[in-house]
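1. what shape does this take:
(one chain, ligands or ions: 2)
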Amino acid sequence: MAPTSLHNCPAPAKLNLFLHVVGRRPDGYHLLQSVFQLIDRSDTLHFDLRSDERIVRTTDVPGVPEEQDLIVRALRALQAEYQRRHGRLPPGIDVAVEKCLPMGGGLGGGSSDAATALMAANHLWQAGLTDAELIALGLPLGADIPFFLFGATAFAEGVGEALQAVPGPDCWYVVIEPGVSVPTVAIFTATDLTRNTKAITISDFSRRHVESNDLIGFGENDLQDVAARLFPPVAEAIEWLGGYGAARMTGSGSCVFCAFSTEHEAEQVLKHVPARWRAWKAKALQRHPMKIALANPFVVE
Ligand SMILES: C[C@](O)(CO)[C@H](O)COP(=O)(O)OP(=O)(O)OC[C@H]1O[C@@H](n2ccc(N)nc2=O)[C@H](O)[C@@H]1O
Ligand SMILES: Nc1ncnc2c1ncn2[C@@H]1O[C@H](COP(=O)(O)OP(=O)(O)OP(=O)(O)O)[C@@H](O)[C@H]1O
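-> Residues are numbered from 1 along each chain as shown. Ligands and ions are numbered 1, 2, ... in the order given. You can find the predicted model right below:
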């Protein structure tokens, strides 16, 4: 029997260990190459089936109206797909969100929330969509949603939808939130953005990553210089954290991270972070915790 509720569902953040802009599609979207890494810092979502067919967000998310929330839009897309397949709507869902991840932080919070919602509803409704079918539903809503549904460290191409598993690092990160929200579109429309980094193959990545022998390892974030110019607190955070190791921005910013071999090293750095920034440590995750929970019937419900 499928459960009627799923509580405490994690929607973890991602880091882009590197992010290259290698071209542009005819529709203006940028072609990227990146390695996406899950970390153990998450939003938390709660789902309860309703007795009617409505999708209702029961918590306020400042700045995100319910109708625009990627969670609500993802659930409605899956509900419509269910109706197409079964000729009737599945029950509605009340969804409550505890936001922890900053918006416009490059941590993919909105996309991760949507991916967790798709996994949860697929289970609650016993809808039976495969990962590939969920990815096809999620991609039009957000370019990072496919990665979260993929659920493990990935070499990503295209706009983020062509994913291949790569071994994930076993390390800890210090992440600084510079206190600004970076709109992704502002970075991608900047005239000085580098859009012609030479494309690599996954085997180039694997070889050069091993050769470079450090934890962040390979490549650059091509969006970083533009974000640092437009948002000075991003530049300040990179410079400060760079005093402790190779510091880099994730996604289109604003968050900045640096990798460490041990939790203790990360804790030592955290002690010195200037009070004007929120900062935290996070562990690299090898697998999406929601996937682990849903594969184990004793963990969910
Ligand atoms: C940069 C990344 O964070 C890497 O993980 C993501 O690709 C961003 O994905 P996202 O937040 O889902 O971005 P969206 O909200 O879909 O995109 C906002 C806008 O940024 C531009 N955009 C986004 C992604 C991309 N590959 N090329 C683009 O040119 C488009 O103008 C788009 O309208
Ligand atoms: N559930 C949600 N949580 C956060 N943002 C949402 C949500 N639904 C829609 N959004 C919208 O998505 C925008 C981007 O939020 P998000 O947290 O994904 O940013 P991000 O971490 O910079 O993402 P990315 O790394 O994909 O660029 C927000 O400004 C908000 O308008």
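2. I'd like the next helix or strand past the helix or strand harbouring Leu32.
-> Here Leu32, judged by DSSP states H and E, is contained in strand 30-49. With elements assigned by DSSP H and E, the helix or strand that comes after strand 30-49 is strand 55-57.
3. in its sheet, what does that next one sit against?
-> strand 93-98 (parallel) (DSSP bridges).
4. if you average the pLDDT over the partner strand, what comes out?
-> Throughout strand 93-98, pLDDT has a mean value of 98.
5. and the following helix or strand past it, is it in reach of ligand 2?
-> Following strand 93-98 in sequence order, the next helix or strand is helix 109-124 (DSSP H and E). Yes - judged by CB under 6 Å from any ligand atom, helix 109-124 and ligand 2 are in contact via Gly109, Gly110, Ser111, Asp113. Where you see a C-beta, it was placed from the backbone N, CA and C, and this is true even at glycine.
6. same question, stretch 26-42
-> No - on the criterion CB under 6 Å from any ligand atom, stretch 26-42 is out of touch with ligand 2, staying 9.8 Å away.
7. for that stretch, what is the average pLDDT?
-> 96.
8. now do stretch 114-123
-> On average, stretch 114-123 scores 98.
9. residues touching it, excluding its own?
-> Residues outside stretch 114-123 that contact it (CB atoms under 8 Å, 6 or more residues apart in numbering): 2-3, 6, 9-11, 43, 45, 47, 70-71, 73-75, 78-79, 90, 93, 95, 127-129, 134, 137-138, 141-142, 145, 148-149, 290-291, 294, 300.
10. tell me how far the strand holding Leu32 lies from the chain's centre.
-> 3 Å (CA atoms, centre = their mean, to the nearest Å).
11. closest approach to ligand 1 from the stretch 201-301 of the chain, which residue is it?
-> Gly251 (3.1 Å; CB to the nearest ligand atom).
12. roughly how far apart are that residue and Gly104?
-> To Gly104, Gly251 is 9 Å away according to CB to CB, to the nearest Å.
13. all the helices of the stretch 151-300 of the chain, in order from the start?
-> Assigned by DSSP state H, counting those that start in this stretch, the helices in the stretch 151-300 of the chain fall at 184-188, 202-212, 224-230, 232-241, 263-270, 289-295.
14. between those, which one is nearest to ligand 2?
-> Ligand 2 lies closest, by CB to the nearest ligand atom, to one member of the helices of the stretch 151-300 of the chain: helix 184-188, at 4.4 Å.
15. restricting to C-alpha, output the closest one in CSV.
-> Only the C-alpha atoms of helix 184-188 are listed here, as CSV (Å, rounded to 0.1, in the frame of the first residue of the first chain):
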residue,chain,number,x,y,z
THR,A,184,20.8,33.9,-13.4
VAL,A,185,19.5,35.8,-16.4
ALA,A,186,21.7,38.9,-15.5
ILE,A,187,24.8,36.7,-15.8
PHE,A,188,23.9,35.0,-19.0
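16. flag every buried residue along it.
-> By neighbour count on 16 or more other CB atoms under 10 Å, the buried set for helix 184-188 is Thr184, Ile187, Phe188.
17. what's near enough to touch Arg57?
-> Glu66, Asp69, Ile71, Val72, Val95, Ala96, Val97.
18. ok, now with 7 Å
-> Glu66, Asp69, Ile71, Val72, Val95, Val97 (CB atoms under 7 Å, 6 or more residues apart in numbering).
19. in PyMOL, select just the buried ones from these.
-> Filtering the contacts of Arg57 down to the buried ones (16+ other CB under 10 Å) takes a single PyMOL command:
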select buried, resi 69+71+72+95+97
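20. count of neighbours near the nearest residue to Lys281 once chain neighbours are set aside?
-> What sits nearest to Lys281 in space, not counting adjacent residues and going by CB to CB, 6 or more residues apart in numbering, is Ala266, at 4.1 Å. A total of 23 residues lie near Ala266 under the criterion other CB atoms under 10 Å.
21. just the one 10 residues further on next, same as before
-> Arg276 has 10 neighbours, counted by other CB under 10 Å.
22. so how far is ligand 1 from the residue found closest to it once you drop the neighbours it is linked to in the chain?
-> Of all residues not flanking Arg276 in the chain, Gly179 sits nearest, at 7.1 Å (CB to CB, 6+ apart). Separation of Gly179 from ligand 1 (CB to the nearest ligand atom, to the nearest Å): 19 Å.
23. separation between Gly179 and ligand 2?
-> Distance from Gly179 to ligand 2, by CB to the nearest ligand atom: 14 Å.
24. tell me, how many residues neighbour that residue?
-> For Gly179, using other CB under 10 Å, the count is 14.
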